[in-house]
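Visitor: need a structure here:
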Amino acid sequence: MIQSTSKWVLGHKVTPYFTSGDYDLALGETPPKVQGPPPHSHNSYKESFLIIDGEMDFMVNGELLKVKAGESVDIPPKTVHTFSNSSDQPCKWVNIHSPKGFREFFEKMGVPADETDAVHKSVAPHLIQEVIKTAADYDMHIQV
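Guide: Below is the predicted model of the structure:
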């Protein structure tokens, strides 16, 4: 079995897992009061979130949703979306991108969780600018 490595990505702890199917699977944790990525879409990826603990606020094509533990949200390709945790409690979630390929974003833009001050480094201005500059390379199209 292959060991996965956790990374902090834009303020969220993400652990991508290796799969044999044509999808990427990750376990995430969002601390309280943490914003998500800028509103964006994917041309090719279908994306799903399953909230396993806590709650997460989603914006999907302009519609605001509060998704709680045990609930899920599916995001079709070319759908503008983002998420954040506005609550006072952490939120744990499962994320799936299909087809496989988005995991590379987490791997390249993430700061290893065992690195000193990783959560703060993951939201450093230079890293955010790098995400904005290279997002399209990962089929992440930021809305302005």
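
Visitor: host element of Leu127?
Guide: helix 125-134 (DSSP states H and E).

Visitor: in that helix, what counts as buried?
Guide: Leu127, Ile128, Val131 (16 or more other CB atoms under 10 Å). C-beta coordinates here come from the backbone N, C-alpha and C atoms, glycine included.

Visitor: One more: stretch 9-27?
Guide: Buried, per 16+ other CB under 10 Å, within stretch 9-27: 9-16, 23-27.

Visitor: ok, residues contacting it?
Guide: Under the criterion CB atoms under 8 Å, 6 or more residues apart in numbering, residues 2, 4-8, 28-31, 34-37, 92-103, 105-107, 109-111, 113, 119, 122-123, 128, 131 lie in contact with stretch 9-27.

Visitor: Spell out, range by range, the strands that occur in the protein.
Guide: 7-9, 12-17, 24-30, 40-41, 46-53, 55-60, 63-68, 72-75, 81-84, 91-98, 111-112, 141-142 (DSSP state E).

Visitor: Mean pLDDT and distance to Ala135 added to those strands, as CSV?
Guide: CSV is the format used below for those (pLDDT from 0 to 100; distance: least, CB to CB, whole Å):
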stretch, mean pLDDT, distance to Ala135
strand 7-9, 98, 12
strand 12-17, 97, 16
strand 24-30, 98, 16
strand 40-41, 98, 7
strand 46-53, 98, 14
strand 55-60, 98, 17
strand 63-68, 97, 23
strand 72-75, 98, 16
strand 81-84, 97, 13
strand 91-98, 98, 14
strand 111-112, 97, 17
strand 141-142, 96, 5
